[in-house]
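[1] Give me the fold of what follows.
(one chain, ligands or ions: 1)
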Amino acid sequence: MTIDYSLDYAQKLDNQDPLAPMRAHFGIPKQINGEDEYYFTGNSLGLQPKLAREYVIEMLDAWQQRGVKGHFEGDYPWLPYHEFLTEQSAELVGALPEEVVMMNSLTANLHLMMVSFYQPKGIRTKILIEEHAFPSDHYAVESQLKHHQQDAESNMLLWQPRADEELLNHADLYQILENHGDEIAMILLPGVQYYTGQVLDIKTITEKAQAKGIIVGFDLAHAAGNLVMELHNWQVDFACWCSYKYLNSGAGSVAGCFVHQKHVTDTSLNRFAGWWGHDKSSRFKMQNNFKAIPTAEGWQLSNPPVLSLAAIRGSLDTIKIAGGIKELRKKSLKLSQYMIDLINQELGNSIRIITPQPDNERGCQLSLMVSVNGLDGKTMFNNLEKNGVTTDWREPNVIRVAPVPLYNSYVDVYHFVRILKECLS
Ligand SMILES: *Cc1c(COP(=O)(O)O)cnc(C)c1O
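    Got it, this is the predicted structure:
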């Protein structure tokens, strides 16, 4: 089937798109000529929701006008401010409210979770990750092993793609679990692989690993706000994600953390504690006997940075206006399918999409490999930039493009393919 490669058709798709009005809820960066950029890096830094700006300014005003009383006064007092984010954040990842808290940063939360959930014992000392894990995840795991006086090299099991393949093969992972299951204490895998855009089967991985007595954690940096998930039903032990990618809450904004219901009341779990994780009714008695809140909040350390949380609240409310993550996912699949179809049809000889193409194996992001001999990919990427297209370049030859359902349009995608085609010829 051929697809109509024209601006008219793209406009028609936008006119039929129930989420098209959401774009007006965002600030879109401009090109030098004053037109909107074709922004495809929502997988790296999501654009600014107007509500995020509004809520942050409200917080600045409250601080200016109320000083310390802002902790207790106003519609959104600071003391319980993180609680205003819980319900919507839980919904986003398919969790119960008691299982979710917004706190710290992603890598900090990974460490806190591993302090509680990586407990090497007997021959069960290993941690399994993927070979191309995001460096921060790799470093965090390696340093946790060292922290437990475990030899890092022999205790890090790496799940890697087969020779000459880019994607991870689930059968290989299941084989590792079969062969080495009783030596593995914990696995930490991404929901969506950041480089290839491959979606991992969180449910089945969790099931198979837990059947071998392994604790299962997920890094959802590229999955939160992108996929529909059911962390609670899938029995995932813990998960962490950042809020500045598909969750549009601003660079370095506060991260999310999930601890399954079956663990939140377990006070025997080792943890690095702080006063914000202590029982709320006695927190301000300022005594020294730590009593963990029996929810994910029990892992909090400090009183939360409200400017960042205000931006997250703006982002979550924006997603709510759009109808929630299921609506986003519906559009996302159509929008990226449109991009896949146009690329395969118009650029099939020079661009290879390394992201898997079935719906359940990809999120927003497509990773494109330039397969034209002698073409300097980096020059081409720079030409894209000159033409108002913002993507993300990874050496040696991959362009990551994320059409996101909240603010990208079918017309954006059309122009991306048109400009890419011009750059290639
Ligand atoms: C974006 C990303 C990070 C970044 O970690 P921060 O602690 O937020 O700086 C870590 N891991 C993965 C998989 C990511 O995609």
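
[2] and the closest residue to the ligand within the stretch 301-425 of the chain, what does it touch?
    Using Cβ to the nearest ligand atom, the closest approach of the stretch 301-425 of the chain to the ligand is made by Gln365 at 10.8 Å. From N, CA and C alone the C-beta is placed, and that goes for glycine too. Contact analysis of Gln365 by Cβ atoms under 8 Å, 6 or more residues apart in numbering lists 43, 192, 197, 222, 226, 355, 400-402.

[3] Filter these down to just the ones in strands.
    400-401 (DSSP state E).

[4] Using a markdown table, lay out the contacts of Gln365 together with pLDDT.
    Formatted as a markdown table, those follow (pLDDT from 0 to 100):
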| residue | pLDDT |
| --- | --- |
| Asn43 | 97 |
| Val192 | 98 |
| Gly197 | 97 |
| His222 | 98 |
| Asn226 | 98 |
| Thr355 | 98 |
| Arg400 | 95 |
| Val401 | 97 |
| Ala402 | 98 |
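
[5] Can you add neighbour count and give the contacts of Gln365 back as TSV?
    Shown next, in TSV, are the contacts of Gln365 (neighbours: other Cβ atoms under 10 Å):
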residue	neighbour count
Asn43	27
Val192	28
Gly197	27
His222	28
Asn226	30
Thr355	26
Arg400	21
Val401	29
Ala402	28
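
[6] circling back to that earlier point, give the contact list for the closest residue to the residue of the stretch 301-425 of the chain closest to the ligand other than its chain neighbours.
    In space, and not counting its chain neighbours, Gln365 is closest to Gly197: 3.9 Å by Cβ to Cβ, 6 or more residues apart in numbering. For Gly197, the contact set (Cβ under 8 Å, 6+ apart) comprises 222, 354-356, 362-363, 365-367, 400.

[7] Torsion angles phi and psi at Cys257?
    As for Cys257, its main-chain torsions (degrees, to the nearest 10) stand at phi -140, psi 140.

[8] can you offset everything so residue one is 12?
    Yep, numbering from 12; the last one is Cys268 now.

[9] ok, how many other residues are close to it?
    Cys268 is flanked by 26 other residues according to other Cβ atoms under 10 Å.

[10] In the sheet, which residues pair with it? Tell me.
    Judged by DSSP bridges, the bridge partners of Cys268 are Val112, Cys251.

[11] pretty sure it is touching Glu110, no?
    No: look at Cys268 against Glu110 with Cβ atoms under 8 Å: they stay out of range, at 9.2 Å.

[12] joint contacts of those two?
    Counting by Cβ under 8 Å, 6+ apart, the residues touching both Cys268 and Glu110 are Ala307.

[13] Gln221: how many residues sit nearby?
    15.

[14] residues from the protein in reach of the ligand?
    Contact residues (Cβ under 6 Å from any ligand atom) of the chain with the ligand: 116-118, 145, 147-148, 201, 205, 230, 232-233, 253.

[15] Now do the one helix or strand Ser147 maps to: everything it contacts.
    For Ser147, the element it lies in under DSSP states H and E is helix 146-158. Residues from elsewhere that reach helix 146-158, judged by Cβ under 8 Å, 6+ apart: 117-118, 121-122, 125-126, 129, 138, 140, 144, 162-163, 166-167, 199, 201, 230.

[16] Quick one, which of the residues you listed are buried?
    Taking 16 or more other Cβ atoms under 10 Å as the criterion, what is buried in the contacts of helix 146-158 is 117-118, 121-122, 125-126, 129, 138, 140, 144, 166-167, 199, 201, 230.

[17] Show me the residues you listed that map onto helices.
    Cross-referencing the buried ones among the contacts of helix 146-158 against helices under DSSP state H gives 117-118, 121-122, 125-126, 166.
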